[in-house]
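> Sequence and predicted structure below; questions after.
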Amino acid sequence: MQQMQQTSHADSHGHDAHHAPGFWSTYFFSTDHKMVGMQYAITALLFLLFGFFLMLMMRWQLAYPGHPVPVVGKALSQMLGEDMATKEGVMSPDLYNAFGAMHGTIMVFLAIVPLLTGAFGNYVMPLQIGAPDMAFPRLNMMSYQFYFMGGVVMFASFFVPGGAAKSGWTSYSPLSTIADPIHHPNGQTFWLIGMIFLITSSMLGSVNIITTIIQLRAKGLSWMRLPFFVWAQFVTAFLLLLAFPPLEAAGCLQLMDNSFGTSFFLPTGLVVSGRALHVAGGGSPLLWQHLFWFLAHPEVYVLILPAMGIVAEVIANNTRKPLWGYRSKVYATMVLGFMSFVVWAHHMYLTGMGTRIATFFQTTTMMISIPSVVILTALLISLWGGSIRFNTPMLFAVGFLPMFGIGGLTGLPLGFNASDIQLHDSYYVIGHFHYVVAPGTIFAIFAGIYYWYPKATGRFMNEYWGKVHFALSMLFINFIFMPMFIQGLAGMSRRMYDGGATYAEAAGIAGLSPFILFLNKVISFAAFSLAAAQIPFIINFFWSIKHGKKVTSDNPWDATTLEWQTPTPPGHGNFTKPIEVFRGPYEYNVPGHTREFLPQNDPDKTSPPLTHGHPVHG
């Protein structure tokens, strides 16, 4: 059946070959999974750059409060209004809050998740399972269009009266409803509409990924022959599909609170600026937190699981040996996905929950660290005894391991009620989360870009500048986030727009020490240095499209998985002949094999097939 589908697909393609698609059909309204993946990749990388730019302006404000933002300060006043920035370019508290809220929203929902599931999921996953396309190509195109519209609405919110949303990326009620009562619609309205678009996009993409993996696997590609990256995408799609609907419902309810006078999340007797708020009341602010964190904690694993999948592919290829503990990693991924739904309230210890329910969430939070450690340990053991090729993808993949480890270990104190009460909403939390997401997940994204770039373009990115990019990024990213643990332990709140300077100078208060404030300057210098370190990557990325070293074969990395058995770059329908799988995904240098590596579709009968690290006959 699979062969008949591919043959029919190829015949119809040949019959219609003289009807060449136009520019708009090729690049903007394409249903080809590879083009949709490229659309996601370029759009998400632009949002990643924009979100990083917002962070740089926040870091300037924290290091030099009251000083004009260099270069763009006066432009901020002209574009956003003098209530957001003075004519001299000094950032207002409202603008700092808006940048903070939008930085988090953009980085998570418009940059990292679309890169991992939209770009890598769309481009690589169908190739790895031997599929000619996604199961629902038009739905795939629609998922990108919803994502793009959500991004446009989010970006437009900066320019509405009153500016963008200011209530944090968590958008807690009732603050998100009462923060800007003068303007209707306001930035928060745009934030909610944008989130509804983005959530819809993710759910459409998740249905497509799940169906594609179940229905369109090549002949012989059983579940335990799937590359680990495919398993990561599969579990991630279920997380998105199950966790996003509650937040979409919550977003619709909060939109009604903000725009139509309802009170789903507004309590009775709410007093704002000394005056009672004229709403019916009876709503629950805690209900918003429950609905938000029911998505936002699985969202952490939406970020990290595809990243682990990318790292596994790169490590297996560059150690030239099978992944250690393949089955253990697969089962740990499933357990991680399930457990991520029963830990959300560890974000809510300050809400006054009882000791029994706090104990439950403390216990599940400690338990969820076990499958994470299983996966991380298996990846570390996979390095043992390997003939490691330290190319740029491998450097970023290996760099991911200790950075994610630091993020995980520093999260343990936040899982306990007693210690979290002290550390909640401090810079310790920022340091912990960003170690997971920045040097963790984003390093995996860079590894994937350098690794699959030759397949997508037919050329390599420059190795020398890739290694420069890695070395500088590794250095400066640690100088950004490591000092945040010190600041958080000293009591520095993440919400202070001046970095705690006013609080430190208040009479009769033992505030932050000069050293803690000085760390703001250290972190900001490192942040601007990290920005400079991305210049080699940006130039390398675009320069290599035309001028990079050409690949000499369809499998330049000598890899075993199916995406390297397609033409470079893959054409419409992906494969030039029917694909059949005979073995597992990581048969490198296996004792008893006659060859150094065996692709999954190689029918070599002289080498026994490998099952999870052990040759099996028959």
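Nice, I can see it.

> gap between the residue lying closest to Phe537 once chain neighbours are set aside and Ile539?
Sequence neighbours aside, His469 is the residue nearest to Phe537 in space, at 4.6 Å (criterion: C-beta to C-beta, 6 or more residues apart in numbering). C-betas here are computed from N, CA, C, even on glycine. His469 is 10 Å from Ile539, where distance means C-beta to C-beta, to the nearest Å.

> longest helix in the protein, by residue count?
helix 285-319 (DSSP state H).

> Counting by contacts, list what that helix packs against.
helix 113, helix 228-260, helix 326-339, helix 355-382, helix 392-415, helix 427-436, helix 443-457 (3 or more C-beta pairs under 8 Å, 6 or more residues apart in numbering; DSSP states H and E).

> So for Glu587, which of these sits nearest?
Nearest to Glu587, of all those, is helix 326-339, at 11.4 Å by C-beta to C-beta.

> Run the angle between the closest one and helix 285-319 for me.
Orientation check (axes from the mean of the first three to the mean of the last three C-alpha atoms, to 10 degrees): helix 326-339 against helix 285-319 gives 170 degrees.

> pLDDT (mean, whole number) over helix 326-339?
Averaged across helix 326-339, pLDDT comes to 96.

> Look at Ser524 and report its pLDDT.
For Ser524, pLDDT reads 96.

> What count of nearby residues applies to it?
21 (other C-beta atoms under 10 Å).

> ok, it - contacts?
59-60, 62-64 (C-beta atoms under 8 Å, 6 or more residues apart in numbering).

> One more pass at 7 Å, please.
Counting by C-beta atoms under 7 Å, 6 or more residues apart in numbering, Ser524 makes contact with 59-60, 62-63.

> helix or strand for it, which one?
helix 514-533 (DSSP states H and E).

> Low-confidence regions, this protein specifically.
Low-confidence segments of the chain, defined by pLDDT under 70: 1-20, 505-510, 605, 607-618.

> who touches stretch 378-389?
311-312, 315-316, 318-321, 323-325, 328-329, 394, 401.

> Mind listing what's buried along that stretch?
378-379, 382-383, 386 (16 or more other C-beta atoms under 10 Å).

> Can you say which two of those residues are spatially most distant?
Ala378 and Gly386 (13.4 Å).

> Could you report the neighbour count for the nearest residue to Asp602 once chain neighbours are set aside?
Distances taken as C-beta to C-beta, 6+ apart put Phe582 closest to Asp602, at 6.7 Å, once the chain neighbours are dropped. Phe582 has 19 neighbours, counted by other C-beta under 10 Å.

> Could you verify that Phe582 is part of a helix?
No. Secondary structure of Phe582 (DSSP: H, G, I helix; E, B strand; the rest coil): coil, not part of a helix.

> Surely it is in contact with Pro603?
Yes. Applying C-beta atoms under 7 Å as the test, Phe582 and Pro603 come out as touching, 5.4 Å apart.

> Would you mind giving both backbone torsions of Gly386?
phi -90, psi 150 (degrees, to the nearest 10).

> Could you measure from it over to Tyr96?
47 Å.

> same question, Pro536
Taking C-beta to C-beta as the measure, Pro536 falls 30 Å from Tyr96.

> Which one's more surrounded, the two?
Just comparing Pro536 and Tyr96: by other C-beta under 10 Å the higher neighbour count belongs to Tyr96, 22 against 19.

> and the more buried one, what does it touch?
Tyr96 neighbours (C-beta under 7 Å, 6+ apart): 58, 61, 497.

> after the strand or helix carrying it, next one along is what?
Assigned by DSSP H and E, Tyr96 belongs to helix 93-105. The C-terminal neighbour of helix 93-105 among helices and strands, as given by DSSP H and E, is helix 113.

> And the next helix or strand past that next one?
helix 121-128.

> still on that earlier bit, who wins for neighbours among the contacts of stretch 378-389?
In those, the most neighbours by other C-beta under 10 Å go to Val311, 32 neighbours.

> if I pick that residue, what's in contact with it?
Here Val311 is in contact with 379, 397, 400, 444, 447 (C-beta under 7 Å, 6+ apart).

> just to revisit the earlier point, looking at the contacts of stretch 378-389, which one is closest to Pro578?
Using C-beta to C-beta, the contacts of stretch 378-389 come closest to Pro578 at Ala316, 25.6 Å.

> what residues are up against the closest one?
With C-beta under 7 Å, 6+ apart, Ala316 has these contacts: 322-323, 382, 586, 588.

> Select from these every entry located in helices.
Reading helices off the contacts of Ala316 with DSSP H, I get Ser382.

> Check the contacts of Ala316 and tell me the two furthest apart.
Farthest pair in the contacts of Ala316 (C-beta to C-beta) is Ser382 and Tyr588. Separation: 10.7 Å.

> that older thread, of His469 and Ile539, which one has the most company?
His469 (26 against 13).

> wait, what's in contact with the more buried one?
Contacts of His469 by C-beta under 7 Å, 6+ apart are 533, 536-537.

> Test my guess that Gly603 contacts Ile579.
Check again: residue 603 is Pro, not Gly. No. Using C-beta under 7 Å, Pro603 makes no contact with Ile579, being 11.5 Å away.

> So the two - more neighbours on which side?
Higher neighbour count among Pro603 and Ile579: Ile579, with 24 against 10, using other C-beta under 10 Å.

> Got the phi and psi for Ala276?
Phi and psi for Ala276, reported as degrees, to the nearest 10, are phi -70, psi 140.

> From Thr268, how far out is it?
From Ala276 over to Thr268 (counting by C-beta to C-beta), the distance is 10 Å.

> burial count for the residue nearest to Ile199 when sequence neighbours are not counted?
Excluding the flanking residues, the one nearest Ile199 by C-beta to C-beta, 6+ apart is Glu248, at 4.4 Å. For Glu248, the count of nearby residues is 18 (other C-beta under 10 Å).
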